[in-house]
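Enquirer: Any chance you can model this:
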Amino acid sequence: MSGPLTPSQTVGPFFGVGLPFEKGEQLAPPGSAGVMRIEGQVLDGKGEPVPDALLEIWQPGTGFGRARTDSEGAFSFTTVKPGAVPAPDGRVQAPHFNVTVFARGLLRHLVTRMYFPDETEANAADPVLNLVEPARRETLIAKHCDGVLHFDVRLQGERETVFFAI
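Expert: This is a model prediction of the structure:
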């Protein structure tokens, strides 16, 4: 016997309670050699902050970090810059972080990347970044701002961050 399909639905937000990770935003201790701070906001389609999102970053070397957004949709990480890594086809990928976003209203997590603004040549040759329409690549490149790297994640709307289907 078959009936109508049941639509998917989300449960939550529960990310802060269901996915705790003590000091997850600190991939490198403050004061370590080469340490940097990354700050940003998660914004919805109207440009409003998403106060209950969770972001994960992955990089070769120091690995994995997790940060929750606050009431202003803000998050931060303390880490070191990763190096270039080989792509499966043998080309070299520019230094970057893989970023996963969990937020209310999403049926599945979103996957994107954060590239560095001081890697112009490497970014221009990156095989993944080159798959993105040139006008939208800027949504994947952090900006220098008052001694930190700034990277906003826009879930929809004007200047929506590029997300990858994986």
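Enquirer: immediately after the biggest helix by length in the chain, which helix or strand?
Expert: The longest helix of the chain (DSSP state H) is helix 120-125. Downstream of helix 120-125, the next assigned helix or strand under DSSP states H and E is strand 143-145.
Enquirer: For that following strand, which strands pair with it and how are they oriented?
Expert: strand 148-150 (antiparallel) (DSSP bridges).
Enquirer: can you pull the buried residues of the strand it pairs with?
Expert: V148, L149 (16 or more other Cβ atoms under 10 Å). Glycine gets a C-beta too; all of them are placed from N, C-alpha and C.
Enquirer: Other residues contacting the helix or strand that comes right after that strand?
Expert: Using DSSP H and E, the helix or strand that follows strand 148-150 in sequence is strand 153-154. Around strand 153-154, the neighbours that count as contacts under Cβ atoms under 8 Å, 6 or more residues apart in numbering are 40-43, 47, 53, 55, 99, 101, 112, 139, 160-161.
Enquirer: Most neighbours of all the residues you listed, which one?
Expert: L55 (30 neighbours; other Cβ atoms under 10 Å).
Enquirer: From the contact counts, what lies against the lengthiest strand in the chain?
Expert: Ranked by number of residues, the top strand in the chain under DSSP state E is strand 35-43. In terms of contacts (3 or more Cβ pairs under 8 Å, 6 or more residues apart in numbering; DSSP states H and E), strand 35-43 is packed against strand 74-80, strand 148-150, strand 153-154.
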